[in-house]
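A.B. asks: What follows is a predicted structure for the sequence shown.
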Amino acid sequence: MIWLCTESFKMDKNFRIGALISGSGTNLQAIIDSCETGKIKGNLVFVGSDNPAAKGIERARRYKIPTFVVDYSSIIKRFKRKTDKTLLPDDFDFNDLLSKQTLVLENVNSQKPETFIMTRAIIEKELLDKMKPYPFDLLILAGFMRNLTPYFIDRVNTDPDHPRIMNIHPALLPAFPGTNGYGDTFQYGCKVGDKIERHERQKETRTSDGTCNGMYGSSGNYNRHGRNAPLLQYASGQNFGP
């Protein structure tokens, strides 16, 4: 994994860290180990998952870290079988959310955009409720395989100068999907950006001059099999090694 510490996340105190996962929790284990050794000056206050079968939940429980699951798949299936808008959060505003996101298009003549946004708001409200008992300074998406909508992001990143969500999954969507995101960005020649550590609403895209709003590799230690991640550099000039 790669741990990125920007100006917004100076480790001058014990950080309260929350994590969201979807799978085996190998990134989570690296975070746990780094907290225990003092490499990361913080501690995990909760681990949540969208997947009831996620092995990473068991990892967290072994360390007595509070855990919870919000089963995305079952909630989506129930809503599609019977659309129940009474489940929507009281502060749900469809037009506001549609205008802020780029995951679905406004001009698509289909129920899919509406269903997507409504189900995600229902799910993300439950996710926020599950997180509420555990105050945190930083939320890490440690292989969390779900798109987060503005409904969730705006309620976590309440201070625009201090975003609190960090995504360390190797995919950089939508430009570089899949598990080889780091290598793909390196091979493509991405130059600069900060979306790998600041998970915000803007989408990452390749541009005509060969750059992207992502990250860039400044060394040649890229290993396609993921054994060695490339050295990354933030726009401020800080270096972050594997």
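C.D. replies: Happy to help now that I have it. Residues are numbered from 1 along each chain as shown.
A.B. asks: How much space separates the closest residue to residue 135 other than its chain neighbours from residue 23?
C.D. replies: The spatial neighbour of residue 135 that comes closest, neighbours along the chain excluded (C-beta to C-beta, 6 or more residues apart in numbering), is residue 16 at 6.1 Å. Quick note: C-beta positions are derived from backbone N, CA and C, even for glycine. From residue 16 across to residue 23, the span is 23 Å (C-beta to C-beta, to the nearest Å).
A.B. asks: Same check on residue 155?
C.D. replies: 25 Å.
A.B. asks: sorry, back to before: please verify my assumption that the residue nearest to residue 135 contacts residue 42.
C.D. replies: Yes: at 6.8 Å, residue 16 counts as touching residue 42 under the criterion of C-beta atoms under 8 Å.
A.B. asks: Between those two, point out the one with more neighbours.
C.D. replies: Using other C-beta atoms under 10 Å as the criterion, residue 16 and residue 42 rank with residue 42 on top: 19 against 16.
A.B. asks: For the more buried one, name its beta-bridge partners.
C.D. replies: residue 15 (DSSP bridges).
A.B. asks: If you count neighbours, what's buried in the longest helix seen in the chain?
C.D. replies: Counting by DSSP state H, the longest helix found in the chain is helix 112-131. By neighbour count with 16 or more other C-beta atoms under 10 Å, helix 112-131 contains the buried residues 113, 116-127, 130-131.
A.B. asks: Tell me which helix or strand comes right after that helix.
C.D. replies: Moving toward the C-terminus from helix 112-131, the next helix or strand (DSSP states H and E) is strand 138-141.
A.B. asks: same for the helix or strand following that following strand, what does it pack against?
C.D. replies: Following strand 138-141 in sequence order, the next helix or strand is helix 150-156 (DSSP H and E). For helix 150-156, the packing partners by 3 or more C-beta pairs under 8 Å, 6 or more residues apart in numbering; DSSP states H and E come out as helix 94-100, helix 112-131.
A.B. asks: how close does residue 152 get to residue 26?
C.D. replies: Residue 152 is 24 Å from residue 26, where distance means C-beta to C-beta.
A.B. asks: likewise residue 153?
C.D. replies: Residue 153 sits 25 Å away from residue 26, going by C-beta to C-beta.
A.B. asks: pretty sure residue 49 contacts residue 18?
C.D. replies: No: using C-beta under 8 Å, residue 49 is not in contact with residue 18; the gap is 11.8 Å.
A.B. asks: and those two? which has more neighbours close in?
C.D. replies: Legend: neighbour count by other C-beta under 10 Å for residue 49 and residue 18, higher for residue 49 (28 against 24).
A.B. asks: on that earlier part again, give me the mean pLDDT for the longest helix of the chain.
C.D. replies: Averaged across helix 112-131, the pLDDT comes to 93.
A.B. asks: residues touching residue 37, list them.
C.D. replies: Counting by C-beta atoms under 8 Å, 6 or more residues apart in numbering, residue 37 makes contact with nothing.
A.B. asks: Could you report the neighbour count for residue 139?
C.D. replies: 25.
A.B. asks: wait, what's in contact with it?
C.D. replies: By C-beta under 8 Å, 6+ apart, residue 139 lies in contact with 17-20, 131, 156, 164-166.
A.B. asks: Could you provide the residues you listed in CSV, with additional columns for distance to residue 73?
C.D. replies: Shown next, in CSV, are the contacts of residue 139 (distance: C-beta to C-beta, whole Å):
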residue, distance to residue 73
17, 26
18, 22
19, 20
20, 15
131, 20
156, 23
164, 26
165, 22
166, 25
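A.B. asks: so of those, which ones are in strands?
C.D. replies: Members of those lying in strands (criterion: DSSP state E): 17-20, 165-166.
A.B. asks: By neighbours, which of the residues you listed wins?
C.D. replies: Neighbour counts for the ones in strands among the contacts of residue 139, by other C-beta under 10 Å, peak at residue 19, which reaches 29 neighbours.
A.B. asks: Perfect, that will be all.
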